[in-house]
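> Sharing a sequence plus its predicted fold:
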Number of protein chains: 2
Amino acid sequence: MTLPNARDFSHLYSEETKARKPSPLKTCIHLFHDPNIIFLGGGLPMSDFFPWDNLQANAALPPFTNGIGSALTGSKDDSLSLAVKKNEASEGDIPLARALQYGFSAGQPELIKFLKEHTEIIHDLKYANWNVIATTGNTNAWESTLRVFCNRGDVILTEAHSFSSSLSSAEAQGVACFPVPIDNDGIIPEKLEEILDNWTPEAPKPKLLYTIPTGQNPTGTSLADARKVEIYRIAQKHDFLIVEDEPYYFLQMEPYVADVKAREESQSGAKKSHEEFLKSLAKTFLSVDTEGRVIRLDSFSKVLAPGTRLGWITGAAPLLQRYVELHEMTIQAPAGFTQTLVAATLNRWGQEGYIDWLIGLRHEYTLKRDCALDGLHKYLPKSDAFKVNPPIAGMFFTVAIDASAHPAFATKFNSDPSLVEKAIYDKVIARQVLVVPGSWFKADGETVPPQPQSSKSAGNPNEIFFRGTYAAVAPEKLLEGLKRLGQALGEEFGITSA
Amino acid sequence: MTLPNARDFSHLYSEETKARKPSPLKTCIHLFHDPNIIFLGGGLPMSDFFPWDNLQANAALPPFTNGIGSALTGSKDDSLSLAVKKNEASEGDIPLARALQYGFSAGQPELIKFLKEHTEIIHDLKYANWNVIATTGNTNAWESTLRVFCNRGDVILTEAHSFSSSLSSAEAQGVACFPVPIDNDGIIPEKLEEILDNWTPEAPKPKLLYTIPTGQNPTGTSLADARKVEIYRIAQKHDFLIVEDEPYYFLQMEPYVADVKAREESQSGAKKSHEEFLKSLAKTFLSVDTEGRVIRLDSFSKVLAPGTRLGWITGAAPLLQRYVELHEMTIQAPAGFTQTLVAATLNRWGQEGYIDWLIGLRHEYTLKRDCALDGLHKYLPKSDAFKVNPPIAGMFFTVAIDASAHPAFATKFNSDPSLVEKAIYDKVIARQVLVVPGSWFKADGETVPPQPQSSKSAGNPNEIFFRGTYAAVAPEKLLEGLKRLGQALGEEFGITSA
């Protein structure tokens, strides 16, 4: 069956995108590689004057038998020795002379080829002209998304609490973030539809929904598969694009089993087959998308390392071309060293080896998530005022707190939950553990004209929360941190902790 | 003598900069490195799960006795073997575990330290609170500069012909580029002052002058030192910032000597001492700046390799902080692999070794510039219609052409020089050599309200030009290309070439 092409969404472009003239120099840069042409066209330095002759690295070796975090001995059993030369390269490698030159704004072919094959393994694309381009990570990719589609004065939709940097990015550009109510399964489709059905004509209708579906930051929740289908239908009805920001997609875990013995049994022979692993992954918006209405942001930051500054966007080719035109005036392309090293590693691992890595990662995060939840159950003060929702993906847990349970809520804090939040933050810092106040992540959409009030909030108005992560430290330290957190909360609320 | 601090230029910030709220998460990320705090604060993956154990490279070894372009043998005489480990590092190296982690948005300390020392060697800073931050190169740094200072509807000043991508960047953002007349010594200060003294009140006064002082792109000219002092005075009078975009600064050459024998004598013992080399460099706007009014963009793209995607900005600390806040929402930081490898190379070379490299680079570009001029003198048709101005810096030469000398100017081309330009471009491509039409670089400032007409143009209205580069190919190929160019022009203008 021949798949249809994506619909045309050029009516959603920003003024900037409409005004952007691709550099005329880019129309002739391909002639640099034409053997018949003598290229006196552009300021490309000769690679003879690049001071590096070759690049080598030791990388972990599939199938990562001792776990993805075990130190490499340098032996052939656990270490893969990579070497990439300047002027020649094995298949799948990017020779340094090319990686370090100008060109390939959309990403080097050896990297893009791997990412496209990976895309076909993970997603079920339903239109023909999809494409993949390289980025310097999702932070930049999201900022670029705003530039490509939004004008000052526009409104976008976001989860009611979302990654603070993503919200600030929009707000700095004069784009308001309208908060969509969420619960433990993510965005509530009925609330979203209600907001849009009742949109006041004074405010421009949102062009984008920004969502972090898997292991959401900061709430740690994941958007249920069935809701994605519903939300996509609403996107079609109200003609907006869905931006799925998925840095944590491959940090999906096995369900939390509180009983340690049962857990060990359920995780025995823990290493799933590739097929089981792939089947266990959440359905993506990309797989639901029949029209090219979804822009997916992926990143190596959580999967390999943040300092790679390397990610990719998947979406309809005409939309991605607008990003490339912006990139030609901004990042140009991800750094050549990064593209060379990541491509050399991934192409040696192969798609199967990369999935081994992802399975290993899932295992490590499952262990750490379990450790965090065990610790929270053990150390949090025993009170209904404190609630933990076991995350099934990502790096974050949240402790929801009923601020009105604070003995001095009405007196010292004047019944203001935000003052309780501040007092707790000061207390945890004094106790030498760092968790982050939920209010830092609030999409307030202050500049949006008033909408039906019912849509803006959900749940207990006195509920505050703190975000913690089990990602950044080793298990013993994590447990010690949670103990300190429990003590700080116990002290603040006058409850003796365990 | 204690130097004063920079003046406050916050009145020149864009709306976006004024609205940008630094991410609250950045206020606590430093606690990640605090041994007393257990960090459950941010989504930082553990470096145990970064798959690379170490990174090695072979680099050229100072003093680069056989020239900076000679192939490395791998022996200790010409090759420097670098190795950087994950968890430990020699002084001046950035361990991979840190380089590949989040953090250090302004650049890793080992790199910034080197760049600050370099800055002190090259420039004569006249205020105290200057700083250096890392960028992903000047393309991005310039785009960020526009975001930091300009609003839609603003006007900036640029050389009448300037780098097309820089102009397009501004225009896409709704910022008009007002062309300032230039001659063979760059911007003409009197014309600049006349423009500003007569600025019509309807248009916002320019906040920025964007200039490529050294080896200007596309004209290949360099701005005379004395003019920099004059232009700085005008910047003070009319309160704008000067952005000096200096990718070609270290491609300053010895003067062109047409007579080959005399040239060989003048270049004998060609390798200058470090002192002579430093003295020969053009005075920079940064060295003239007493108030923190200059923002300098430097890049490793032409000096090491474009694919490093690494550069730096030098300027007043409070202004640079605004870039860092923008970077935290865009690039975050240059890629860790790049910072590690460049810092490891530079810190092993040392400041002296880096100057050896720059002297070597200057030598190579002098040879190639000489080769290009020799070839142009030999192959261009003998006619007053074709003029070449010998560049003293950069990668580019231009051939200025009096379009009215074309035998069919009035008939076939209807006295329109742009049609002659198009005909020449088609002809050179057909002759299999690529040079680039000057009109691609024209700052037209179409959206700027009319200004005194006298200021907008200078010289012969029928003069067109083509930009070529001697950078991208080896000498033999360059000469063959110039031969083809000469033949193409001779054919087009009906002049038998030599």
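Received the coordinates, thanks.
> Next, please give the residue ranges for the helices of the stretch 201-350 of chain A.
A:225-238, A:260-266, A:274-280, A:285-288, A:317-327, A:336-379 (DSSP state H, counting those that start in this stretch).
> Which among those helices is found nearest to chain B?
helix A:336-379 (2.7 Å; Cβ to the nearest Cβ). To be clear about C-beta, it is placed using only N, CA and C from the backbone, and glycine gets the same treatment.
> Just want the angle from that closest one to helix B:336-379.
Relative orientation of helix A:336-379 and helix B:336-379, computed by axes from the mean of the first three to the mean of the last three Cα atoms, to 10 degrees: 160 degrees.
> Just after helix A:336-379, pick out the following helix or strand.
Sequence order places strand A:386-388 as the next helix or strand after helix A:336-379, per DSSP states H and E.
> what about that next one, near chain B?
No - Strand A:386-388 lies out of reach of chain B by Cβ under 8 Å from any Cβ of the partner chain, never closer than 13.3 Å.
> Does that strand pack against any helices or strands, and if so which?
helix A:336-379, strand A:396-402 (3 or more Cβ pairs under 8 Å, 6 or more residues apart in numbering or on different chains; DSSP states H and E).
> can you redo those as JSON lines with mean pLDDT and distance to chain B?
Shown next, in JSON lines, are the helices and strands packed on strand A:386-388 (pLDDT from 0 to 100; distance: least, Cβ to the nearest Cβ, whole Å):
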{"stretch": "helix A:336-379", "mean pLDDT": "97", "distance to chain B": "3"}
{"stretch": "strand A:396-402", "mean pLDDT": "97", "distance to chain B": "7"}
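> will you turn those into TSV that also has distance to residue B:477 and mean neighbour count?
Formatted as TSV, these follow (distance: least, Cβ to Cβ, whole Å; neighbours: other Cβ atoms under 10 Å in any protein chain shown):
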stretch	distance to residue B:477	mean neighbour count
helix A:336-379	24	22
strand A:396-402	56	23
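> So for residue B:286, which of these sits nearest?
Checking the helices and strands packed on strand A:386-388 against residue B:286 by Cβ to Cβ gives helix A:336-379 as the closest, at 28.3 Å.
> what angle sits between that closest one and strand A:396-402?
Here helix A:336-379 points in a direction 40 degrees away from that of strand A:396-402 (the same axes, to 10 degrees).
> distance between helix A:336-379 and the chain's centre?
Put simply, helix A:336-379 sits 14 Å off its chain's centre (Cα atoms, centre = their mean, to the nearest Å).
> circling back to that earlier point, closest one to residue A:407 among the helices of the stretch 201-350 of chain A?
If we rank the helices of the stretch 201-350 of chain A by Cβ to Cβ, the stretch that ends up nearest is helix A:336-379, at 20.2 Å.
> List the buried residues for the lowest-mean-pLDDT helix or strand in chain A?
When the helices and strands of chain A are scored by mean pLDDT, DSSP states H and E, helix A:260-266 comes last with a mean of 85. By 16 or more other Cβ atoms under 10 Å in any protein chain shown, the buried positions in helix A:260-266 come out as residue A:263.
> Contacts made by it with the rest, please.
For helix A:260-266, the surrounding residues in contact (Cβ atoms under 8 Å, 6 or more residues apart in numbering or on different chains) are A:254, A:257, A:370, A:374.
> what do you get if the cut-off is 7 Å, keeping everything else the same?
Contact partners of helix A:260-266, identified using Cβ atoms under 7 Å, 6 or more residues apart in numbering or on different chains, comprise A:257, A:370.
> Next: stretch A:7-27.
Taking Cβ under 7 Å, 6+ apart as the rule, stretch A:7-27 contacts A:42, A:147-151, A:207, A:241, A:291-292, A:319, A:322, A:325-326, A:328, B:164-165, B:168, B:171-174, B:436, B:440.
> mind checking how far it is from the chain centre?
Using Cα atoms, centre = their mean, the offset of stretch A:7-27 from its chain centre is 26 Å.
> what comes up buried for that stretch?
Buried residues in stretch A:7-27 (16+ other Cβ under 10 Å): A:9, A:12, A:13, A:14, A:16, A:17, A:20, A:23, A:25, A:26.
> Then stretch A:123-134?
Across stretch A:123-134, burial judged by 16+ other Cβ under 10 Å covers A:123, A:125, A:126, A:127, A:130, A:131, A:132, A:133, A:134.
> if we can go back for a sec, tell me which of the buried residues of stretch A:7-27 fall in strands.
If you go by DSSP state E, those have nothing in strands.
> In helices, which of those residues appear?
Judged by DSSP state H, those include A:16, A:17 as members of helices.
> Give me the below-cutoff pLDDT ranges for the stretch 201-350 of chain A.
A:268-271 (pLDDT under 70).
> Enumerate the residues of it near chain B.
Applying Cβ under 7 Å from any Cβ of the partner chain, we find that the stretch 201-350 of chain A lies next to chain B at A:217, A:302, A:304-309, A:328-332, A:334-338, A:341, A:345.
> Would you map out the domains in chain A?
Following automatic domain parsing, one gets these domains for chain A: A:10-15+A:101-361, A:380-493.
> Mean neighbour count, the ones you listed: which tops it?
Mean neighbour count (mean count of other Cβ atoms under 10 Å in any protein chain shown) peaks for domain A:10-15+A:101-361 among those, with a mean of 21.
> Which helix or strand contains residue A:492?
Using DSSP H and E, the element containing residue A:492 is helix A:475-493.
> Identify, by residue count, the longest strand of chain A.
Taking DSSP E as the criterion, chain A has its longest strand at strand A:52-60.
> Does anything pack onto the very next helix or strand once past that strand? Which helices or strands?
For strand A:52-60, the succeeding helix or strand toward the C-terminus, using DSSP H and E, is strand A:79-85. Contact here means 3 or more Cβ pairs under 7 Å, 6 or more residues apart in numbering or on different chains; DSSP states H and E; on that basis strand A:79-85 packs against strand A:52-60, helix A:336-379.
> Next, give phi and psi for the residue nearest to residue A:186 when sequence neighbours are not counted.
Distance criterion Cβ to Cβ, 6 or more residues apart in numbering or on different chains; nearest residue to residue A:186, sequence neighbours excluded, is residue A:223 at 3.2 Å. Per-residue torsions, residue A:223: phi -80, psi 130 (degrees, to the nearest 10).
> Surely residue A:223 and residue A:213 touch.
Yes - Residue A:223 lies in contact with residue A:213 (Cβ atoms under 7 Å); the separation is 4.0 Å.
> Need the residues touching each of those two.
What both residue A:223 and residue A:213 touch, as defined by Cβ under 7 Å, 6+ apart, is the set residue A:186.
> residues contacting residue A:496?
Contacts for residue A:496 were tallied using Cβ under 7 Å, 6+ apart; they are residue A:490.
> mind running it again at 10 Å?
Listed by Cβ atoms under 10 Å, 6 or more residues apart in numbering or on different chains, the contact set of residue A:496 reads A:381, A:382, A:487, A:490.
> Between these, which sits nearest chain B?
residue A:487 (12.1 Å).
> how close does that closest one get to residue B:142?
For residue A:487, the distance to residue B:142 equals 51 Å [Cβ to Cβ, to the nearest Å].
> Could you do residue A:323 as well?
Looking at residue A:323 against residue B:142, where the rule is Cβ to Cβ, the gap reads 19 Å.
> Same check on residue A:154?
Taken as Cβ to Cβ, the span from residue A:154 to residue B:142 is 25 Å.
> Please apply the same query to residue A:135.
Separation of residue A:135 from residue B:142 (Cβ to Cβ) stands at 20 Å.
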